[in-house]
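In: Show me how the following folds:
(5 chains)
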Amino acid sequence: MSDNVYIPKLSKIFEIKEEVTGARAIKTFRTQFVENNGFSHKCGQCAMLSVFGKGESMISISSTPLVKDYLQFSILKTGRVTSALHEMQEGDVIGVRGPYGNNFPLEKWKGKNLIFIGGGIGLAPIWSVLQTALAKKADYGKLSLFYGSRTSQDIVYKEDLKELKNDITVHLSIDQKEKEWEEYVGFVPLNVLDKKPSPKNAVAITCGPPIMIKFVIQNLEALGFKDDQIYTTVENKMKCGIGKCGRCNIGMHYVCKDGPVYSWAELKKLPQEY
Amino acid sequence: MAEEFEPKIVAFLCKWCSSAGSDLAGVSRMQYPPNVVPITVMCSGSVSPLYILSAFNKGADGVLVSGCHPGDCHYIKGNYYARRRIALVKELMEYIGLEPDRFQMSWVSAAEGIKYTKIIKDFVNILKPLGPQTNLRRSQ
Amino acid sequence: MKKRTGVFVCHCGINIAGTVDVKKVADKLGKHKAVAHSEDYVYMCSDPGQNLITNAIKEHKLDSIVVSCCSPTLHEKTFQNAAKAGGINEFQSEIANIREQCSWVHKDKEKATIKAEKITRSAVERVNKNESLEPISFPVTRRAMVIGAGIAGIQAALDMANTGYEVVLVEKNPSIGGHMIQLSETFPTLDCSQCILSPKMVEVSKHENIKLLTYSEVQEISGYVGNFNVKIKKNPTFVDPDKCTLCDECTKVCPVLTSDEFDLGLTGRRAIYMPFPQAIPATYTLDDKHCPGLLPIACGKCADVCDPGAIDYDMKPEIIEEEVGAIVIATGFDLYEKEEMGEYGSGKYPDVLDGLQFERLCSASGPTQGEVLRPSDHKVPKEVVFIQCSGSRDPEQHCAYCSKICCMYTAKHAMLYKHHVPDGQAYIFYIDIRSGGKGYEEFVQRAVEEDGVVYLRGKVSKIFEYNGKIRVWGVDTLAGKDIEIDADMVVLAQAMRPSKDADKLAKLLKISIDKDGFLQEAHPKLRPVESVTAGMFLAGAAQAPKDIPEAVAQASGAAAKALAILSQENLFHSPQVAKSIPNLCTGCGMCVDVCPYDALSLKNGKVEVNEVLCEGCGTCSATCLRAAIEVKNITPYQIYEMINASLGG
Amino acid sequence: MVNLDDLKKEALNLLKDEKVKYIIGYTEGSNGTSAAPAFIKNPEDTDKLVWNPGCFHNLTRFLRDEKKRKAREKHPDERPVGIVVKGCDSRAINVLLQEKYIKRDDVFILGVSCESTGVIDEKKVAKKLKGKKAQKIEWDTNRNLVVTTEDGTTKIPADEVLAERCVECPVHSPVVYDIFFGDKIKRTTDAQFKSVEKIENLSQKEKWDFWKKQFDKCIRCYACRSVCPMCYCDECVVDTISFAVTADTTAEEKAQRIKWIEKSPTPSETFIYHIIRAIHLAGRCIDCGECERVCPLDIPIRFLNKKLEKEAKSLFDYEVGFDPDQLSLVSSFKDEDPEDFIR
Amino acid sequence: MEKILTKKSFPNWIAKLATVQIYAPVVKDDLWSYEVVDAAGITTEYTNAIQSPKKIIFPQRELFLEFSHNDNGSPEIRELLPEDKESIIFGIRPCDAKGVSHMDKVFGGDFEDSYYWKRRNQVTLVGVGCNTPPSPNCFCTSVDGSPFSHEGLDVLLTDMGDNYYVQTFTKKGDKLVNMSKGLFAAPKPKEKADLESLHKDAETKLPRHLKDTKKIPPKLKGLFDSEIWDDESMSCIRCGICTYLCPTCHCFDISDEITSHSPLEGKRVRTWDNCQFPDFTMHSSGHNPRPDKASRLRQRIMHKFQYFVEIYNNYQCVGCGRCISKCPVGIDIIQVLEKVRDHV
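Out: Next comes the predicted model:
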């Protein structure tokens, strides 16, 4: 069944971490293929995860391609499949097919300052590229991260972020005031405006809820970033992952195949159907 | 020798009469075939046609809905609504060519252990010669 | 969220384990994805069994349990408590009935085991989607209402008022007292009915906790147990009782004469009248149906003679709203109309009386001051025929039921007649004599032995006027011969019927009535004083024919039940009630139509559930075409999963 | 006879006087026999209105769109929508009123009488025309369909081309309206359930074979559901995903959405879809026959609804769409409802 | 190659072909549909089938894989490919065949669709050209097609009266002719000339026309936010007829169908889906990029006449007219496109 693109490869969940609990629960899963195969992904790509009996869901791969022995997915519980994933336990087997989509042009960014701007679960796709860039720190200029969530409880990768602060500048934010929160309070776009990252020799990569992306881009533009200095990801409902089932298209682009990574310059040319 | 066909029956029993009636059959140690799996619902009036169709869809060979006798409903009138709704379902199923015997409704009071036993026995006997229900069963 | 369910399979000695391989059931279920722990035990309901569950909950961090055992009617509560003891919500416990519905009814161990697995799996699926719920608590309006102020209503009102709770007593007639105040003497002691009732009536009128609303009728009711809102229409009496001095001048000038209800037409009364001398409230009432005209004032004589100016023609009906927590309904009875009895002359003959009329004739305060005289010619009747079961026990033509008290009061009537007319002869036609009750049988014997009443077993086929007498044709079935008696008077022991308009009231109160129109008790044996609607209780002959002691006993019972509500600050209600899903609801209102408890209503085009009224029957959910309403913890999704589990391998 | 000019004039006045938001009516279709729904906003467009034997669409279906549109508007225009209805369609209005889906003030009803005819069955007409294309169709006064083709005109007796629903129709003219067009002709049918009886008389196996053959054709395009004025639910119970989702809908609620049937056009799923559809329309279907007309595979879906209409009448003495105040079929009962099927 | 087959010999040829499964149009209750037939059931005289033969190569329901839980509750899966079975679609109309060639593009490319190609590779398409238009709404010539287009076909038959003019375009097609070499004769020049004029003549008979189709794709680019879509979609009832009957629409859904819950057993299946259903693009959050009828009609038109053109340089419409004939409310794609074309 090797070359059938629709057949997922069985994959064992060997580690589950509860990132966020409650109504907007997020869990991070690490999976290993039951049988070795040539799966190899690039930063920003996604994979189609299967819970048999429930269906499939497209999830971005949050581990860096440099790590070869597992894949990491951080999943927000939203519907049938993600709920089923959240019910999984370590040792359970799911299906994985992919990788799908384009990727962040890390090669092109060499020598530049990278500003990552994430909100909520949007840190997951950023994480892959951030970790990769960090591993090859010498290739890039200054790395920095803006990350915000609704409350301090909703922050993902809490410990990793703490560690990350040793390596790069991290600007955290939450939407509303909380006790014992010493960092920025307010929406991510405002935090960006507040810290005024310089557009000079820089690329901004932003992922998160559509409304956040909209304002982040507005504010980046205000700070002088050009359209081709801003990258983001787009999400649409997907079923096949390979540009055939016909629902994720934005104009002639199939997000699953031609996306999810777009520079603002490219995205601007497409109709607003996402 | 091929094993005898054992029909699978789902029985929606109202909590106050029919489930109690089947309890009485148990207390009285009456014997009936184990083909029926009871699902106790609050009232026969709460049995949606979807439940019946879903049971057939998932492989039931027969479905029984049983409630309190008219006038005895714990909830005053739920069984009257059930009666009307299920009459329509039954008419339609027959009209569409499904074997009408596969779907039954009964009134079983809490005192009617004997009646419950008889209903199940008869139901199994009716279903056996009909063989497996395939018309509405999700299979391939 | 996925649960960690514990499955506990009970052997019930060999009751289950004899037919079901309980270990296998526990093993199989142990493999279910949601089951974190499973085990079997010989008696789960025993103390060690319950402890085992409680400990397992703690040890395995269970958040829900399924106990496969006997019928939930037996031990549902037991295991809910075990769950609570283990620190989880009681609604996270489900019973899989593998005894009554499995092990006891099957012999084939293999098949019974498979069935037990399915039943248990189905319960696991259900508990997996159970919500943790807390009983719904709501405050109680700590006062009561009694509807009907006959002996039952009076008794219930006094019982409750005496414990310190306020009672609103509503009576549709101008005076309280009901039928009992019309009686002359009561069986079997022959004590004077008015003498024993009047003090109670007075007590009602004087009681600081009783708010008396006579000449009043319930118009509308809303709310639910603990919190009823009742709208009562108080009809105008046109007489201010505070000003009235009871001088009786008004009746003297009133030009209208109409038949007197209290004396059942044996006498007349004026349009302005006092129902009877002991009436409570002691005041006059102007009957606007018979008064020649209030608007415009056509007569006005009564007001002219009323010195204190108590008569007010402008009085209007008044709507009074009362908040109460419990309601006792004691609307009593009426006699089956003589007019219905074609075989007995359809009420044509003035000397054919019904039981109550005869009571009035015997009463010292009655139309004849206690002398038994024929209404037609005021002569003393020398031969009187009493006919029992007139209208009762006759399913073909009249009432199917036995009116219960007629045997006794007919014996009493015959006895009283003999006491008034010692040389007269009393005949009683009877089918059976039913004299169960303390001193009752002896009473009947006394009538025969001491007063020489002639009991004739048989039915009367016809009565008709003949030569100024009333000829009675009957059969004595014991002697096997036809009987013909030319009587001076015939007294019919008419059947008891629910009082007129009781059905309308029942509809208003949303309580059910039985096939004969009597109010339906919640359970014929175990809940005889409760109605099917929580917070409403039944007393007296409104529920079924009964005599005075029974009516009083039931009234006290109903009062006690009502007090059980009033004595609490808060009531609790099962939280397993309907829940609407507003974004699916289109507001068609079909669920509202089918709800037997009026728990649903439409607000802004969406259904809303009154959780206190909802009993969780789920008829709404099956009626809804859009799955926009469901009952908590037995949702369509749960049923769907249970169907799947029931049909699994 | 319905005077089209009257209809146009009334429509014009309604729009000119701004009494209605717009008018849902019929206009010329592109294929000669069928009219097409028209949404007329401008007074000058009222001239496009038509009334002919090809006006089979039940326009009340579009009240659903109107309701949704209105719900989205911040400051909705509260004026009614003008709507052209036939007898059957008017009963749909009554059912929508009964189910409180619309208010009487939401619609200004232009009721047109079908008088002694009704609407055509396009397939029957096409057969008669043997491939010729109709340019114009109309009824004459003698119950004939007058068809104009490039070869001239032909007359076809109404009974040969009337849609079956019209043959079995008990009303023929609107039962609720604001303005009535045409003549109120009292007409009864002795064959209200003839199509149903045909199937009822089959043996059980023949019935199954009949329906199996029909449903095997089903491609689950859901046109039958989409065209039905009663299938106005935001979310159909047989849909596999929920789209009545709000920001407050939890993941659990979405995950617990029951998949009663699958999308696959396999016999079990297709049968259950059609059974549920019929059951959900019991006591609600007013037999406009649109489900059957629109079915691209000619599945006689109407026979299902008609069966339940028949049973509602014979078992429960229930008739649909005449009284907006009556209780629904399944939200009411009578003590004497039949129960001979119950043990 | 080009050959002549007499009508007399036609049954003999068909009998030869019938060694493999043949799908051909058959009429049931007045509806033409492509079904498995035996040799005797084949005709070349038929109007357009309600459904194009796309359902044979791209069935409405395709089994992808089978899944089950083993005793430990772990999933096991098994690929389910279409069976090995050669077949012929006999009598496919040139427009429908062109539709298949469009689908080939979609299901090919970077990710080859195993299921599609397994079926596609095993089927030979034998077309019958349209001397007279098989539907009153044919407009193939307006979308770069013709009644005798051979795009996608292996063989094309033209009815010449007493004979069939047989053209083959692929090896698969050659094979069919070579199976019964003796039945075929080489065409004479006159026959060649007749064929040409017949083809030309047929093109003039088209009942419907859309002029200046080329202007449409560039025009559409500027019409994304146009009110055209609102106006034209007013009467749309959001059913799936236009897309399900379309020989080029290929959208699908993938879902898991459970046949047993305990132990878990089921199949992952592909079913047709379509862009006119409201849930098609809805995110699980409830957000829908195409929330209304207007945006869905726009997607249908733009996909066919802009996006597809941009990707594959073809209209994704073959002019079969099915969507026009069967639209319950008379939405006419030609009229819509004319409005687009003439929009100012």
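In: And the residue of the stretch 101-250 of chain C closest to chain A?
Out: residue C:128 (10.1 Å; CB to the nearest CB). All C-beta spots, glycine's among them, are computed from the backbone N, C-alpha and C.
In: now do the stretch 251-400 of chain C
Out: Going by CB to the nearest CB, chain A is nearest to residue C:325 of the stretch 251-400 of chain C, at 38.6 Å.
In: Which positions within stretch B:56-75 qualify as buried?
Out: B:56-70, B:73-75 (16 or more other CB atoms under 10 Å in any protein chain shown).
In: Just to be sure, which of those are found in strands?
Out: B:62-67 (DSSP state E).
In: And the residues you listed, which is closest to residue D:221?
Out: Each of those was scored against residue D:221 by CB to CB, and residue B:63 proved nearest at 29.9 Å.
In: What's opposite the closest one in the beta bridge?
Out: On the basis of DSSP bridges, residue B:63 is bridged to residue B:10, residue B:103.
In: I figured it was touching residue B:103, is that so?
Out: Yes - counting by CB atoms under 8 Å, residue B:63 touches residue B:103, with 5.2 Å between them.
In: what touches both of the two?
Out: Common contacts of residue B:63 and residue B:103 (CB atoms under 8 Å, 6 or more residues apart in numbering or on different chains): residue B:52.
In: if we can go back for a sec, tabulate the ones in strands among the buried residues of stretch B:56-75 (TSV), appending pLDDT and distance to residue E:238.
Out: Below are those laid out as TSV (pLDDT from 0 to 100; distance: CB to CB, whole Å):
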residue	pLDDT	distance to residue E:238
B:62	97	38
B:63	97	34
B:64	97	39
B:65	97	35
B:66	97	41
B:67	96	39
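In: The biggest strand by length in chain A - contacts with which helices or strands?
Out: Counting residues, the longest strand found in chain A (DSSP E) is strand A:9-20. Judged by 3 or more CB pairs under 8 Å, 6 or more residues apart in numbering or on different chains; DSSP states H and E, strand A:9-20 is in contact with strand A:26-33, strand A:93-100.
In: buried ones in it?
Out: A:9-13, A:16, A:19-20.
In: and if you look at stretch C:151-159?
Out: Within stretch C:151-159, the residues scored as buried using 16+ other CB under 10 Å are C:151-159.
In: Stretch E:296-310 now?
Out: Neighbour-count burial for stretch E:296-310 flags E:296-309 (criterion: 16+ other CB under 10 Å).
In: residue ranges with poor pLDDT in chain E?
Out: Of all residues in chain E, none has pLDDT under 70.
In: can you count the residues close to the closest residue to chain C within it?
Out: Relative to chain C, the nearest point of chain E is residue E:262 (3.3 Å; CB to the nearest CB). Number of residues near residue E:262 (other CB atoms under 10 Å in any protein chain shown) recorded here: 21.
In: so it makes contact with residue C:642?
Out: No - using CB under 8 Å, residue E:262 is not in contact with residue C:642, being 11.5 Å away.
In: Where does pLDDT dip in the stretch 151-300 of chain D?
Out: For the stretch 151-300 of chain D, no range has pLDDT under 70.
In: Nearest residue to the middle of chain E?
Out: In chain E, the centroid-proximal residue (CA atoms, centre = their mean) is residue E:247; its distance is 2.6 Å.
In: Against chain A, how distant is that one?
Out: The gap separating residue E:247 from chain A is 15 Å, by CB to the nearest CB, to the nearest Å.
In: Point me to the residue of the stretch 101-250 of chain D nearest chain A.
Out: Residue nearest to chain A within the stretch 101-250 of chain D (CB to the nearest CB): residue D:250, separated by 6.3 Å.
In: ok, that residue touching residue A:23?
Out: Yes - using CB under 8 Å, residue D:250 makes contact with residue A:23 at a distance of 6.3 Å.
In: List the contacts of whichever residue of chain B sits closest to chain E.
Out: Residue nearest to chain E within chain B (CB to the nearest CB): residue B:138, separated by 5.5 Å. By CB under 8 Å, 6+ apart, the contact list for residue B:138 reads B:57-59, D:262, D:266, D:268-269, E:257-259.
In: tell me, how many neighbours does residue A:131 end up with?
Out: Residue A:131: 19 surrounding residues under other CB under 10 Å.
In: Give the helix, strand or coil label for it.
Out: With DSSP: H, G, I helix; E, B strand; the rest coil as the basis, residue A:131 sits in helix.
In: contacting residues for the spatially most central residue of chain B?
Out: In chain B, the residue lying closest to the centroid (CA atoms, centre = their mean) is residue B:64, at 0.8 Å. Going by CB under 8 Å, 6+ apart, residue B:64 touches B:9-12, B:36, B:103-106, B:119-120, B:123.
In: Make sure residue D:148 is actually in contact with residue D:134.
Out: Yes - between residue D:148 and residue D:134 there is a contact at 6.8 Å, judged by CB under 8 Å.
In: Excluding chain neighbours, give the residue nearest to the residue nearest to the centre of chain E in space.
Out: In this structure, residue E:247 finds its nearest non-sequential neighbour in residue E:99, 3.0 Å apart by CB to CB, 6 or more residues apart in numbering or on different chains.
In: what about that neighbour, helix or strand, and which?
Out: Counting by DSSP states H and E, the element that carries residue E:99 is helix E:94-107.
In: likewise residue A:145?
Out: Per DSSP H and E, residue A:145 falls inside strand A:143-149.
In: Closest residue of the stretch 101-250 of chain E to chain A?
Out: Chain A sits closest to residue E:111 of the stretch 101-250 of chain E, with a gap of 3.8 Å, by CB to the nearest CB.
In: Contact partners for that residue?
Out: Counting by CB under 8 Å, 6+ apart, residue E:111 touches A:5, A:242-244, A:257.
In: again, only this time at 7 Å
Out: When contacts are counted by CB atoms under 7 Å, 6 or more residues apart in numbering or on different chains, residue E:111 touches A:5, A:242.
In: Nice, that's everything, thank you.
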